[in-house]
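**Student:** Next comes the sequence, and after it the predicted model I'd like to discuss.
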Amino acid sequence: KSSKIQYFNNPMWPGEAHSIKVEEILFKEKSEYQEVLVFESAAYGKVLVLDGIVQLTEKDECAYQEMIAHLPLCSIESPKNVLVVGGGDGGVLREVSRHSSVEHIDICEIDKMVIDASRKYFPELAVGFEDPRVHLHVGDAIDFLKRAPEGKYDAIIVDSSDPVGPAQELVEKPFFDTIAKALRPGGVLCNMAESMWLHTHLIQDMISVCRETFKGSVHYAWASVPTYPSGVIGFILCSTEGPPVDFVKPINPIEKIQGADKHGRELRFYNSQMHSAAFALPTFLKREVSLL
Ligand SMILES: NCCCN[C@H]1CC[C@H](N)CC1
């Protein structure tokens, strides 16, 4: 018997609900941090939900994972050391691994149950953990970044859930300060940055904090993800003081490494045109987050 999952009145999107037809519940348990739910849906393949919030579906995860990984990595000449914060489903690791210049990938995910559930139900994402360059740290990214060596990383990707629950502190200035310290001069941060339709106050706050913290450039980009509330998700791209980074025109275009990855997986969403187009912003957003 199929039912539908409705998420009402989450503080992140009060007054609206989003429903997906459920074919079968595959996994549902409470971890130390959140409720982890996996179900087979009628229209989007398998779906991963944390505390009632859709994290990814098999059908449209490519948009988010490819954009959050390649927007930063295609903006710098030859990324070598990369850190992924969150991302316990492995999808971002799968995308970072496409870059042959990358030599070392650290990932810090707080909830082991997310990793285990992904390995069992989302093998085409968890494949990212198999790359020999990947070093998994299960723990709090706040502590991990405090201990990170200064200037170690060329790129840091914050693939977090919403700032309600375990990811709450990941949008605060002290955390961004530790990120800036862990990046090399001219290093880049790509941070999940919510929806331009729902969260312009939060985006404004994040951009203001990033402008204080990252003395290179700060940009906002976005992509279409149909199963996220309002159907879009944003990314904040920052660079530290040093060699300037022009985020809008990729100097390390993905077409250079075009073709399938070692598992035969082709890109499904990202390309250099989508990269540049992602930084074109609607007028209301430019006005509201002073990006005019
Ligand atoms: N690693 C999968 C995506 C995690 N990030 C998402 C950003 C938007 C949120 N509403 C849900 C999680």
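**Tutor:** Thanks, I have the structure now. Residues are numbered from 1 along each chain as shown.
**Student:** what does the stretch 51-200 of the chain put close to the ligand?
**Tutor:** I53, Q55, L56, Y64, G87, D89, G91, D159, S161, D162, M192 (Cβ under 6 Å from any ligand atom). Bear in mind the C-beta positions are built from the backbone N, C-alpha and C, glycine included.
**Student:** Turn those into JSON lines, including neighbour count.
**Tutor:** JSON lines is the format used below for those (neighbours: other Cβ atoms under 10 Å):
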{"residue": "I53", "neighbour count": "21"}
{"residue": "Q55", "neighbour count": "25"}
{"residue": "L56", "neighbour count": "26"}
{"residue": "Y64", "neighbour count": "25"}
{"residue": "G87", "neighbour count": "28"}
{"residue": "D89", "neighbour count": "27"}
{"residue": "G91", "neighbour count": "28"}
{"residue": "D159", "neighbour count": "24"}
{"residue": "S161", "neighbour count": "22"}
{"residue": "D162", "neighbour count": "23"}
{"residue": "M192", "neighbour count": "24"}
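**Student:** biggest separation within those residues, which pair?
**Tutor:** G91 and D162 (17.0 Å; Cβ to Cβ).
**Student:** Give me the buried positions along the top strand by length along the chain.
**Tutor:** Assignment by DSSP state E gives strand 19-30 as the longest strand of the chain. Buried residues in strand 19-30, defined by neighbour count with 16 or more other Cβ atoms under 10 Å: I20, V22.
**Student:** quick one: it to chain centroid distance?
**Tutor:** Averaging C-alpha positions (Cα atoms, centre = their mean, to the nearest Å) puts strand 19-30 23 Å from its chain's average.
**Student:** ok, now stretch 76-93?
**Tutor:** Remark: stretch 76-93 is offset 9 Å from the chain centroid, using Cα atoms, centre = their mean.
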